[in-house]
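> 3D model of this:
(one chain, ligands or ions: 2)
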Amino acid sequence: MAESSGVTLNENVPVFEYTDVSSKEFHIGAFRDLWLNALNLDVYSYSDTSPEIRDVQLIEEMGIEPETLEELKNMCSVESLRSEHEDTDTVPADPQLSTLKLRKRRQEYKESLTRDHIDRHEAYANELEMICVGKKPEDLGDLVPEGELILTFNVLYPVLFQRFKHVRAYQTLNVLGSQKLTELKDAICCVSDLQVFGEFSNNPDTVPQFISKDHYKSAFFFFNGTFYNDTRFPECRDISATTIDWAKTRDFTEFETAKMEDTCFHDLKMKVGFPYYYTHQGDCEHVVILTDIRLVHQDDCLDKKLYPLITHKHRVVTRKCSVCHTYISRWVTTNDALAPTDPCLFCEQCFRLFHYDDKLNKVGDFLAYAYVDPGTFN
Ligand SMILES: [Zn+2]
Ligand SMILES: [Zn+2]
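Ligands and ions are numbered 1, 2, ... in the order given. Here you go, the predicted structure:
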């Protein structure tokens, strides 16, 4: 981040507003242009300079003789860091010394601790890494252009999710500067989008297949006094209107509205480190923070189709069925005289066995709702 002391800086170079917390507002597209004007093309170009050309450049830049460069290369090489001694970790197969015997035993114990299987969180993280790290597109039309911006956003848990005492990032996503706000919206995965509304204790087989996301598509981002509403579908409503009307009756400066699908990140003025708002499903509110902004590098994922790219997803403990403690819960019951707690979670099988007789008649009095476990989507 640029220093602000003494020097007059272009207003689109980010400077701290609060040290180590957030920057002042700057125009993202203008900041990128400043960068591109200041940098040589070879700094952000994907094509590699050959080692020979790099040597010549270095000789010219440092004003040294070719022999000196060779000497420097030898002295600074990784090889010169190696110890000439043997690898001390290798213990002979049949050691006689007590210290070596101890060491061998310790090593064998350590090896026994290594797991040869990975859990599903690791499997997901590995898979994520495999599909994106250093990925080049098959079709050159999908190549992220040189000089494109990558913005990193942290999406926090819903504000109403009181269970989490500490504020933590639920998802971290990399977005391209030329992408629309709607593309970030579609990439944010929140459990409230997946709820099924209704009470189904009388006929649990009639739980509909559609989820909230299919019905309630309205959402907005609130950046810098402007509500960016999603208006792509006929069923979208301007859910920012309530807040704007409310603010009009108070002493607030007037808020503006814009269309989420017409705005890309290049068009925005933002602050790095500042908490912005994303609201969907009526009142599911998330804090969204822009944490980093940089030019794309040749080692980044260069396939446009994979952006917004999820780079981190917080692991949520899955809530298991309160009867078998084995399967992930699918049902939650309330006013359930038979259940030990209210509300109480059940897996599909336990729910049916516990609440219905052979002829599928309801046993006892209770209300049943479909439950979507936040941990299912780890
Ligand atoms: Zn949400
Ligand atoms: Zn169960």
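> who does whichever residue of the stretch 251-378 of the chain sits closest to ligand 1 bridge with?
For the stretch 251-378 of the chain and ligand 1, the shortest gap (Cβ to the ion) falls at residue 284, measuring 3.4 Å. The C-beta positions use only the backbone N, C-alpha and C, and glycine is treated the same way. Beta-bridge pairing for residue 284 (DSSP bridges): residue 280.
> surely it touches residue 192?
Yes: applying Cβ atoms under 8 Å, one finds residue 284 in contact with residue 192, separated by 4.2 Å.
> overlap in contacts of these two?
The contact sets of residue 284 and residue 192 overlap at residue 158 (Cβ atoms under 8 Å, 6 or more residues apart in numbering).
> let me see the ranges of the helices in the protein.
28-38, 41-44, 51-62, 66-76, 98-113, 120-132, 181-187, 212-215, 241-248, 348-355 (DSSP state H).
> and ligand 1, which of the ones you listed is closest to it?
helix 212-215 (9.9 Å).
> tell me the residues of the stretch 201-350 of the chain that contact ligand 2?
With the criterion set to Cβ under 5 Å from the ion, the stretch 201-350 of the chain comes near ligand 2 through 321, 323, 324, 327, 347, 350.
> most tightly surrounded among the helices of the chain?
Ranked by mean neighbour count under mean count of other Cβ atoms under 10 Å, the helices of the chain are led by helix 181-187, which reaches a mean of 20.
> what does that helix rub up against?
Applying Cβ under 8 Å, 6+ apart, the contact partners of helix 181-187 are 153, 173, 175, 219, 221, 228, 230, 232, 260-261, 263-265, 278, 280, 307-308, 310.
> would you confirm that residue 239 contacts residue 229?
Yes: judged on Cβ under 8 Å, residue 239 makes contact with residue 229 at a distance of 7.3 Å.
> out of these two, which sits in the busier spot?
Neighbour comparison, residue 239 and residue 229: the larger count goes to residue 229, with 22 against 19 (by other Cβ atoms under 10 Å).
> can you tell me the closest non-neighbouring residue to that one?
Of all residues beyond its chain neighbours, the one nearest residue 229 is residue 220 (4.7 Å), with distances taken as Cβ to Cβ, 6 or more residues apart in numbering.
> what residues are up against the one you found?
Residues near residue 220 by Cβ under 8 Å, 6+ apart: 227, 228, 229, 230, 239, 240, 260, 277, 278, 279.
> state the pair within the residues you listed that is farthest apart.
Spanning the widest gap among the contacts of residue 220 are 230 and 277, at 13.8 Å by Cβ to Cβ.
> for ligand 2, see how far away residue 213 is.
According to Cβ to the ion, to the nearest Å, residue 213 stands 27 Å off from ligand 2.
> what do you get for residue 286?
Taking Cβ to the ion, one finds residue 286 at 31 Å from ligand 2.
> in the stretch 151-300 of the chain, which residue sits nearest ligand 2?
Distances between the stretch 151-300 of the chain and ligand 2 by Cβ to the ion are smallest at residue 204, namely 14.5 Å.
> surely that residue touches residue 352?
Yes: between residue 204 and residue 352 there is a contact at 7.3 Å, judged by Cβ under 8 Å.
> can you list the residues of this structure near ligand 1?
Along the chain, the residues adjacent to ligand 1 under the rule Cβ under 5 Å from the ion are 158, 190, 192, 284.
> so for the second one, what's the nearest residue that isn't a sequence neighbour?
Closest residue to residue 190 in three dimensions, ignoring its sequence neighbours and counting by Cβ to Cβ, 6+ apart: residue 284, at 6.2 Å.
> who's in contact with the residue nearest to the residue of the stretch 151-300 of the chain closest to ligand 2 when sequence neighbours are not counted?
Distance criterion Cβ to Cβ, 6+ apart; nearest residue to residue 204, sequence neighbours excluded, is residue 368 at 6.4 Å. Neighbouring residues of residue 368 by Cβ under 8 Å, 6+ apart: 199, 200, 201, 204, 331, 332, 333, 351, 355.
> got a pLDDT number for residue 368?
Predicted confidence (pLDDT) for residue 368: 93.
> do you know how far it is from ligand 2?
Residue 368 sits at a distance of 14 Å from ligand 2 (criterion: Cβ to the ion).
> repeat for residue 366
Distance of residue 366 to ligand 2, given as Cβ to the ion: 16 Å.
> that residue: neighbour count?
Neighbour count of residue 366, defined by other Cβ under 10 Å: 19.
> hang on, it packs against residue 200?
No: here residue 366 does not reach residue 200: they are 11.0 Å apart, not a contact under Cβ under 8 Å.
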